[in-house]
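Asks: This is a predicted model, with the sequence first.
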Amino acid sequence: MTDELVNVSDLNQYAYCPRRYWYLHFYDTQGRSYERVEGKTTHENQSSRGDWLNELYLESETHGLKGKIDVLDLEGARTVPVERKRAESGDYYKSDELQLAGYCMLLEEHIEEQVREGAIYLYETDQRMHVPITEDHREAVRETVEAIQSMSLDSVPPFTDNPTKCEACSVREYCMPAETAKLEPERVAGTGWEDEL
Amino acid sequence: MKASEGLFDDSVVYVTTQGTQVRTDQGRITVYDVDGDDGELASFPAEKLDTLNVFGGVNFSTPFVRRANEHGIVLNYFTERGQYRGSFVPEKNTIAAVRRAQYALTDEEELAIARAMIAAKIRNARTLLGRKGVTGTELLEDLRLRASEADSKDELRGAEGEAAERYFGLLDEALVDGWTFETRTKRPPEDHINSLLSLTYVMMKNEVLSALRQYNLDPFLGVLHADRHGRPSLALDLQEEFRPLFCDSFVTRLVNRGTITHDEFTQDNHLQDDSFQTYLSKFDEYMTEKLTHPYFEYEVTRRKAVRQQAILLRKAITGELDDYHALEVTH
Ligand code: SF4
């Protein structure tokens, strides 16, 4: 159990596969920057829409979170955090919403005002999608933060039940799902890897 | 540049050219000839590198060391002759939780891991002999069983010792004329073959050491070899299963193919400088050669197979797997 603040972007990592997050945490941190979008120049033209802020770093003891909001849009009365993503599929993932919800919660505490939506900007399609943040999102963030904080070396999360995720996973080399299925088949019982045997 | 001086493999680089400096240049790692006029000798992308081994008079620029730290690159220092001198270990490679799990192993758990390693070593010794057409190796099978059922580390060491003696006696038959093992002496190496074996064990120990470091294990805390100041006991333990399989077979290959001849040794049984360079490049070639993995059935380089064993060892230590699965090749 640790009370270290959880990085908002880690909510996303955890949502992808808790085991993957476990490895990033206890093996090394080299793979971590993998899926982060670099601060490249973008076509997004914000200035016409009013004021905006780049890169706001926030921390919250209450939520156990910390993180950097890419862009903060100040649209009149509303303040909308924007998360920029690269997504070849042209759409964002459910886990991106979790990340966005994390930013909204951080922001809320900072500006002492409710933040009911965030936005995801996709480089590929030059599109901005508004995402309403629901109570379910908030609950999922709280649960994930708790799960991450209570992680320990000897409580290894199970393999993902969706082996296609493993194909693109940067820690596969030391996670070894297929190899484990061969060496200790009982370890993969109940996961998607069972069927691969 | 010669292979032995440059890039051997994606992840491991050896720098043996004297009077050079390792630097960083626009995100790449470069080797620069500072004593001479040759300028840049080699360059590699920082992301791919995980281990850099330098031999003798090679130094690092401060920005490079900073980069090595950021990228988790381990730096190992050796004398010009390949004797290990020390390492630079990046911060991120020192994850306390893993060390704690390693220190918390019980005697029973250590013995179980050591049994797997030694049994595999004996099995691999027999396999190597079999491949060379040497017969009369049945006793090794008995000793392997004894090792895998040993109740104590002493008993295990006993079985291991007997097996080694028996094995080296037979390995002689696997060599071409003009070469002989007779007795396996340690230091100083009394003959050429022993000199080659010793050198190869040092090289392999370095491979294993880097692999253990890469996965945050403490190479100085062993499961079978006694911990002694400055001795990488866990590296020596893990090395056991690779000794016959990779080390001895490499040495037999070197002499049987005539890559190294008796003329290439100095008075005190060391390789001459040029031959040492040849040796290093052959060793690296050998480590990057592919084989079909005995359990996983895909192709891996020997180096990768060694690293996988470090990962599997870590998994056994942290409880991700129930047992340590040593690399055992049965034919
Ligand atoms: S390889 Fe598969 S199971 Fe392992 S961490 Fe990655 S996604 Fe999860």
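Replies: Here it is on my side, so go on. Numbers count the residues shown, from 1 in each chain, chains lettered A, B, ... in the order given.

Asks: so where do the strands sit in chain A?
Replies: Ranges of strands within chain A are A:6-7, A:51-60, A:65-75, A:78-85, A:117-122, A:127-132, based on DSSP state E.

Asks: So, low pLDDT: which residues of chain A?
Replies: Across chain A, residues meeting the criterion (pLDDT under 70) sit at A:1-3, A:28-50, A:196-197.

Asks: The ligand contacts on that one?
Replies: A:17, A:19-20, A:23, A:159-160, A:165-166, A:169, A:171-172, A:175, A:177 (Cβ under 6 Å from any ligand atom). In short, each C-beta sits where N, CA and C put it, glycine included.

Asks: from the residues you listed, which two are the most distant?
Replies: Largest separation among the residues of chain A next to the ligand by Cβ to Cβ: A:Tyr23 and A:Lys165, giving 13.3 Å.

Asks: So between the two, which is more surrounded?
Replies: A:Tyr23 (23 against 17; other Cβ atoms under 10 Å in any protein chain shown).

Asks: residues in contact with the residue lying closest to the more buried one once chain neighbours are set aside?
Replies: Sequence neighbours aside, A:Val171 is the residue nearest to A:Tyr23 in space, at 4.2 Å (criterion: Cβ to Cβ, 6 or more residues apart in numbering or on different chains). Going by Cβ atoms under 8 Å, 6 or more residues apart in numbering or on different chains, A:Val171 touches A:Arg20, A:Tyr23, A:Leu24, A:Tyr27, A:Gly31.

Asks: ok, the first one touching A:Tyr174?
Replies: No - the pair formed by A:Arg20 and A:Tyr174 falls short of the contact definition of Cβ atoms under 8 Å, at 10.7 Å.

Asks: What residues does the stretch 101-250 of chain B have near chain A?
Replies: Counting by Cβ under 8 Å from any Cβ of the partner chain, the stretch 101-250 of chain B comes close to chain A at B:Ala101, B:Tyr215, B:Asn216.

Asks: Repeat the analysis, applying 10 Å as the threshold.
Replies: With Cβ under 10 Å from any Cβ of the partner chain as the criterion, the stretch 101-250 of chain B meets chain A at residues B:Ala101, B:Ala104, B:Gln214, B:Tyr215, B:Asn216.

Asks: okay, now A:Val115: neighbour count?
Replies: Using other Cβ under 10 Å, A:Val115 has 20 other residues around it.

Asks: measure it to A:Leu106 for me?
Replies: Computed as Cβ to Cβ, to the nearest Å, the A:Val115 to A:Leu106 distance reads 9 Å.

Asks: Ok, A:Gly67 next?
Replies: 6 Å.

Asks: ok, now B:Val202?
Replies: 53 Å.

Asks: the more surrounded of these two?
Replies: Neighbours per residue (other Cβ under 10 Å) separate B:Val202 from A:Leu106, with A:Leu106 holding more: 26 against 15.

Asks: and for A:Val115 and A:Leu106, which residues touch both?
Replies: A:Pro81 (Cβ atoms under 10 Å, 6 or more residues apart in numbering or on different chains).

Asks: can you redo the strands of chain A as TSV with distance to B:Leu197?
Replies: Shown next, in TSV, are the strands of chain A (distance: least, Cβ to Cβ, whole Å):
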stretch	distance to B:Leu197
strand A:6-7	50
strand A:51-60	57
strand A:65-75	54
strand A:78-85	56
strand A:117-122	60
strand A:127-132	65
